[in-house]
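Enquirer: After the sequence you'll find the predicted model.
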Amino acid sequence: MKTLIALLLASTFSWSAYAAPSHTFMKSPVHANEEVAIDYDFGEVTVGNGASQTWEFTAPDDAAVYISSITIMGDDYWADTDCLGKLDATYSCTFTLYFVPAKEGEAMGTVKIMTNMDNVTINAKAKGMAAPAQ
């Protein structure tokens, strides 16, 4: 079923992707968790089309990272990831956030990634635009 949905989405929407920024989790002896905020602007996206952004997260050389939850808030945002559970030392995972506007206007979204080291918040914004006249 997931493959069918992915094929349907790929054939329905056009996507724009950008170079993948990365974040290496930091092992801190003083603080249990650091708060990391990432701001991302998808820009203007035509209603019915979509845009995506992929981030790579990497565990430090000497410790595993336990990713306990990922929460997505905001209309027209969804995600795909292999970043849940244990991420062994030096291993990486990817998180892709998608924006697919259903209507015109500003759209704000928030992703919260909770771990045993850093808690990452992605603050996303975008603007749904009308399709150009043909």
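Expert: Good, I have the coordinates. Residues are numbered from 1 along each chain as shown.

Enquirer: and the gap between the residue sitting nearest the centre point of the chain and residue 61?
Expert: For the chain, the residue sitting closest to the mean C-alpha position, by C-alpha atoms, centre = their mean, is residue 97 at 3.3 Å. Distance from residue 97 to residue 61, counting by C-beta to C-beta, to the nearest Å: 27 Å. No exception for glycine: its C-beta is placed from N, CA and C like everyone else's.

Enquirer: Residue 115 too?
Expert: Counting by C-beta to C-beta, the separation of residue 115 from residue 61 is 16 Å.

Enquirer: more neighbours, the two?
Expert: More crowded of residue 115 and residue 61, by other C-beta atoms under 10 Å: residue 115, with 21 against 9.

Enquirer: correct me, but that one touches residue 64?
Expert: No - look at residue 115 against residue 64 with C-beta atoms under 8 Å: they stay out of range, at 10.1 Å.

Enquirer: Which stretches in this protein count as helices?
Expert: With DSSP state H as the criterion, the chain has helices at 2-12.

Enquirer: what are the ranges of the strands in it?
Expert: For the chain, applying DSSP state E gives strands covering 22-24, 34-46, 51-58, 65-73, 77-81, 85-87, 92-99, 105-115, 118-129.

Enquirer: shouldn't residue 117 be in contact with residue 36?
Expert: No - if you go by C-beta under 8 Å, residue 117 and residue 36 don't touch, sitting 9.7 Å apart.

Enquirer: Between those two, which is the more surrounded one?
Expert: Just comparing residue 117 and residue 36: by other C-beta under 10 Å the higher neighbour count belongs to residue 117, 23 against 16.

Enquirer: low pLDDT regions in this protein?
Expert: Along the chain, segments meeting pLDDT under 70 span 1-33.

Enquirer: now with 50?
Expert: Within the chain, the ranges that satisfy pLDDT under 50 run 1-20, 26-31.

Enquirer: Could you pull up the contacting residues of residue 73?
Expert: By C-beta atoms under 8 Å, 6 or more residues apart in numbering, the residues touching residue 73 are 109-112.

Enquirer: Same check on residue 65?
Expert: 25, 57, 59, 86-87, 115-117.

Enquirer: Thank you kindly, that will do.
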